[in-house]
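Enquirer: this one's structure only:
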């Protein structure tokens, strides 16, 4: 099967999941109270921005991998669906965090958020490893150095996200800081975090 | 009419319907109660995952058929729309099942779910049969063996889904198990269920 | 400007608007009452199916016109946006009709529905006429007979929809029958209604 | 990285954000009261139409810039994501304005709307300037006159939107008039406002 249709479907899910994040953002108040309610609702915007950039990052990495892949097989299709299940699920825990940022429900919300991230990272790892094993689905012209670097880097995400999720048992705020810092480093640093090689190949 | 535009529209509907599933997922509780509410809401996640993979499977089969089709005609366009009506409808019964999993409304919810699945399977059957009759819309280079196999397999779905729907009159849980087992076999087995030849041609 | 990007954007809006229709479908009841509530909610399904097929029909006609258009200009872009404004608006009056089918609000709901349809038909007429005037945007190879037939047929929609909307002042049910009958004739007849030539060129 | 995938993702977000605007439109009333409620809800339709045309305009400008860009780099990808964050956010303040048009919350709603617009304009400016600096990402065949004109025009949007936002401290209605007038001039005039050169290149 050619990879182009898989990319179209995946691009659709990535773009829709990112755009659907806004549906759950709300700040209900009437009249003069709206200004205060909108200010109080800042976790809604922060959660929206964080999840939007997470989905954008997943999309970037997905493309970095697809660029060196020649074709796809049945297992790859289902691992890809598994990744998309977690991507499309993200608006739900994002909403939970925004709604419960100021109450005791935050821990449970962050754990669901972290599990979703870990599930996506794990799916991404399995997706790439399936493609890379014995260069099964890799384009002939791609250097083995790039494949090896992707293989090394793709597996940083799963333990990182899993550890961040466990930290929520101690402090859900710490989990959010860990995830947000990694995202900021990824965006502005580009030389620090797990997707280094992925972005290099993107550039 | 070239088939590429039809594929773009269909891909859009498949991707959007799958991603919209998350909109109805909810677990409303305040403060410390959220953890329990999230655990109690497991049917929401299960229904989400099941319907997401159903839509992914329909998308896979749709592509398997489109790959051997050369062009489309007016009847094909409307049968395709008919299929998409059922695909886009799926988030509604999915939500009904999730909401009513713990009460007596489950039977009615599962019946609507099963009718939607049966409608999609029937549309898929009519879609393929219209294309395959006398090789009306089939690409010249495609072997008759593949066409015959698709024709045989595409019609397994309708009685299977219809029977599963009828089982809900006895036990809605049994219906869900029948549908979920078929889906799991399809994903992990690939040699068992109705879309065998479809996936072979996908690979 | 090449027409392909406009088609991508328009295809996206058509597919999303059709799929979003399901979001407003609901049937809230608890336990054993759900079966009755789901049966009582039949206007929801009927409105969903009618609007889904309307959007599908608009999409078909849009493609029939785009097929004979060579390139687009600034005015065409804005007329196209105007069409999409009405297409994307349709889920709202569809929901109104479904919600108010059993009460006195139906008249107002149907009038909004009819105005939306008329607006879409009018935009489609202006869109095509702008392209066809002096063959401004028409591909050189397209026969003048096809252009003339499109010009004649595209303007049947506006008075038809406007008249159907006015009928709602007398009976909103009659309006819905008029719209639904036209749609059914269009789908199954193909030789009756306004888009005859459009579909001929589609085939 | 080739620019085509970025365009697909951006097109998806533009189309989805525009179509999602309808989800928040509502007019809840029962029976005979619906007609009055629908009339009273006119700010909902006006806000919908304004935001839909704003997104359409952003999409047009985005394409005008992409047309003269040859390839994209890592910084461009993230500036593009930053633009899309604001585009996808627009349905939220649009809804706030529609809901609070008749009460004292309008000022706060319009300020959020204005900040979103300013953020989008600023992202668009940075996006283009990054591409244009030393013709970093510009296609070789594109005349320097076009690049210079884009550079001059793209930066009109940010102060215009920022100033319109500040005006809301005095009168939120004035802000809406300023934004709507600019949009109307842009659509019907095409020779007045900031995107003049962009649209010229679009045509």
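Expert: Noted; the coordinates are in hand. Keep in mind it's a predicted model, so treat the numbers as computed, not measured.
Enquirer: Show me which helix or strand of chain A is least confident by mean pLDDT.
Expert: Lowest by mean pLDDT, DSSP states H and E among the helices and strands of chain A is helix A:196-202, with a mean of 42.
Enquirer: ok now the strand or helix carrying residue A:116, how far from the chain's centre?
Expert: When elements are assigned from DSSP states H and E, residue A:116 belongs to helix A:106-132. Relative to its chain's centre, helix A:106-132 lies at 8 Å (C-alpha atoms, centre = their mean, to the nearest Å).
Enquirer: buried residues in it?
Expert: By neighbour count with 16 or more other C-beta atoms under 10 Å in any protein chain shown, helix A:106-132 contains the buried residues A:106-128, A:130-132. Heads up, the C-betas are built off the backbone N, CA and C, glycines and all.
Enquirer: helices or strands next to the following helix or strand past that helix in the packing?
Expert: Using DSSP H and E, the helix or strand that follows helix A:106-132 towards the C-terminus is helix A:144-154. Helix A:144-154 is packed against helix A:42-67, helix A:106-132, helix A:196-202, with contacts defined by 3 or more C-beta pairs under 8 Å, 6 or more residues apart in numbering or on different chains; DSSP states H and E.
Enquirer: could those helices go into TSV alongside distance to chain D?
Expert: TSV is the format used below for the helices and strands packed on helix A:144-154 (distance: least, C-beta to the nearest C-beta, whole Å):
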stretch	distance to chain D
helix A:42-67	4
helix A:106-132	17
helix A:196-202	5
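Enquirer: which stretch among those helices comes nearest chain B?
Expert: Chain B lies closest to helix A:106-132 among these, at 3.9 Å (C-beta to the nearest C-beta).
Enquirer: Against which helices or strands is the closest one packed?
Expert: helix A:42-67, helix A:74-89, helix A:91-100, helix A:144-154, helix A:157-167, helix A:172-184, helix B:33-40.
Enquirer: Could you rerun that using 6 Å?
Expert: helix A:74-89, helix A:91-100, helix A:144-154, helix A:157-167, helix A:172-184, helix B:33-40 (3 or more C-beta pairs under 6 Å, 6 or more residues apart in numbering or on different chains; DSSP states H and E).
Enquirer: Can stretch A:168-178 be said to contact chain B?
Expert: No. Using C-beta under 6 Å from any C-beta of the partner chain, stretch A:168-178 stays clear of chain B, coming no nearer than 11.3 Å.
Enquirer: which outside residues touch that stretch?
Expert: Residues from elsewhere that reach stretch A:168-178 (C-beta atoms under 6 Å, 6 or more residues apart in numbering or on different chains): A:106, A:107, A:110, A:111, A:164, A:167.
Enquirer: got the contact list for the fourth one?
Expert: For residue A:111, the contacting residues are residue A:168, by C-beta under 6 Å, 6+ apart.
Enquirer: Swap in 7 Å and give it another go.
Expert: Counting by C-beta atoms under 7 Å, 6 or more residues apart in numbering or on different chains, residue A:111 makes contact with A:165, A:168.
Enquirer: Please report the distance of it from chain C.
Expert: Remark: distance between residue A:111 and chain C (C-beta to the nearest C-beta, to the nearest Å) = 28 Å.
Enquirer: The first one too?
Expert: From residue A:106 across to chain C, the span is 28 Å (C-beta to the nearest C-beta).
Enquirer: Touching, that residue and residue A:99? I think so.
Expert: No. Residue A:106 lies out of contact with residue A:99 (C-beta atoms under 7 Å); the separation is 9.4 Å.
Enquirer: before we move on, which element is the one residue in chain A that gets nearest to chain C in?
Expert: At 8.0 Å from chain C, residue A:16 is the closest residue in chain A, using C-beta to the nearest C-beta. Taking DSSP H and E as the definition, one finds residue A:16 inside helix A:3-20.
Enquirer: in chain A, what spans have low per-residue confidence?
Expert: A:1, A:189-203 (pLDDT under 70).
Enquirer: Pull up the gap between residue A:39 and residue A:29, please.
Expert: Here residue A:39 is placed at a distance of 11 Å from residue A:29 (C-beta to C-beta, to the nearest Å).
Enquirer: Neighbour count for the two, which is higher?
Expert: Ranked by neighbour count (other C-beta atoms under 10 Å in any protein chain shown), residue A:39 and residue A:29 place residue A:29 first, with 17 against 10.
Enquirer: How is that one assigned, secondary-structure-wise?
Expert: Put simply, residue A:29 is coil when judged by DSSP: H, G, I helix; E, B strand; the rest coil.
Enquirer: Enumerate every residue touching it.
Expert: With C-beta under 7 Å, 6+ apart, residue A:29 has these contacts: A:37, D:105.
Enquirer: I'd like the distance from it to residue D:176, if you could.
Expert: From residue A:29 to residue D:176 the distance is 20 Å (C-beta to C-beta).
Enquirer: isn't residue A:21 right up against residue A:93?
Expert: No. The pair residue A:21 / residue A:93 is not scored as a contact, 11.1 Å apart, by C-beta under 7 Å.
Enquirer: Can you report how many residues lie near residue A:48?
Expert: 23.
Enquirer: what sits against it?
Expert: With contacts defined as C-beta under 7 Å, 6+ apart, the neighbours of residue A:48 are A:21, A:22, A:25.
Enquirer: same deal with residue A:20?
Expert: Counted by C-beta under 7 Å, 6+ apart, residue A:20 has contacts A:91, B:19, B:23.
Enquirer: Which one of those is nearest to residue C:147?
Expert: residue B:19 (39.6 Å; C-beta to C-beta).
Enquirer: What's the separation between the closest one and chain A?
Expert: From residue B:19 to chain A the distance is 4 Å (C-beta to the nearest C-beta).
Enquirer: How many neighbouring residues does that residue have?
Expert: Neighbours around residue B:19, by other C-beta under 10 Å: 28.
Enquirer: just residue A:181 next, same as before
Expert: Residue A:181 is flanked by 13 other residues according to other C-beta under 10 Å.
Enquirer: now swap in residue A:188 and tell me
Expert: Residue A:188, neighbours per other C-beta under 10 Å, totals 9.
Enquirer: cool, and residue A:62?
Expert: For residue A:62, the neighbour count with other C-beta under 10 Å is 24.
Enquirer: again with the one 5 residues further on
Expert: The local packing of residue A:67 (other C-beta under 10 Å) involves 17 other residues.
Enquirer: same thing with the one 4 residues further on?
Expert: Residues contacting residue A:71 under the criterion other C-beta under 10 Å number 15.
Enquirer: wait, isn't it in contact with residue A:137?
Expert: Yes. Here residue A:71 reaches residue A:137: they are 6.1 Å apart, a contact under C-beta under 7 Å.
Enquirer: residues shared between the contacts of these two?
Expert: Contact with both residue A:71 and residue A:137 is made by no residue, according to C-beta under 7 Å, 6+ apart.
Enquirer: Point out the residues in chain A that sit beside chain B.
Expert: When proximity is defined by C-beta under 7 Å from any C-beta of the partner chain, chain A lies next to chain B at A:1, A:5, A:8-9, A:12-13, A:16-17, A:20, A:23, A:73-74, A:77-78, A:81, A:85, A:88-89, A:91-92, A:100, A:103-105, A:108-109, A:112.
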